[in-house]
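Visitor: A structural model of the following input is requested.
(3 chains)
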Amino acid sequence: MTEFEKKVLKAVLKIPLGKIKSYKWVAEKVGRPKAYRAVANALKKNPYCLFIPCHRVVKSSQQLGGYSLGSELKSDLINLEKKIKDMIE
DNA sequence: ATCATGACTAATG
DNA sequence: CCATTAGCCATGA
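Guide: Purely as a prediction, here's the structure:
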């Protein structure tokens, strides 16, 4: 595991329930505003889906990006979390 | 050191 | 809205 990857994962862990952030946002968070592409690589390499909410990371245009376990699952998870959030509030 | 590879982005036609 | 283009960067071979 490289330092860069750790930083990325840490940043992703901070994304709150029901919210989504862009790859660019993560890149800036780790101090490398232009490494959004590398960020995508890191997420792809570390499918710790149970602990790292990588499904909350989408494209900058709010468009659903990719997902190692299938983009449909990704959107499902996003909607699910949204419901959970509303339910709790 | 060099090269190819993306879950990308922004700009342009 | 869709296609193309150039820029960008960590990572592995």
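
Visitor: quick one: what helix or strand has A:Pro47 in it?
Guide: Of the helices and strands defined by DSSP states H and E, none includes A:Pro47.

Visitor: near DNA strand C, which residues of chain A show up?
Guide: A:2-5, A:32, A:34-38, A:41-42, A:45 (Cβ under 7 Å from any atom of the strand). Using the backbone N, CA and C atoms, a C-beta is placed for each residue, glycine as well.

Visitor: Of all pairs in those, which one is the farthest apart?
Guide: A:Lys34 and A:Lys45 (19.3 Å; Cβ to Cβ).

Visitor: higher neighbour count, the two?
Guide: Set A:Lys34 next to A:Lys45 and count neighbours by other Cβ atoms under 10 Å: A:Lys45 wins out with 12 against 9.

Visitor: what sits against the closest residue to A:Lys34 other than its chain neighbours?
Guide: Nearest residue to A:Lys34, sequence neighbours excluded (Cβ to Cβ, 6 or more residues apart in numbering): A:Ala27, at 6.8 Å. Each residue near A:Ala27 by Cβ atoms under 8 Å, 6 or more residues apart in numbering is listed here: A:Pro33, A:Lys34, A:Ala35, A:Tyr36, A:Ala38, A:Val39.

Visitor: Then A:Gly65?
Guide: Shown in contact with A:Gly65 (Cβ under 8 Å, 6+ apart): A:Tyr23, A:Ala40, A:Val57, A:Val58, A:Lys59, A:Ser71, A:Lys74.
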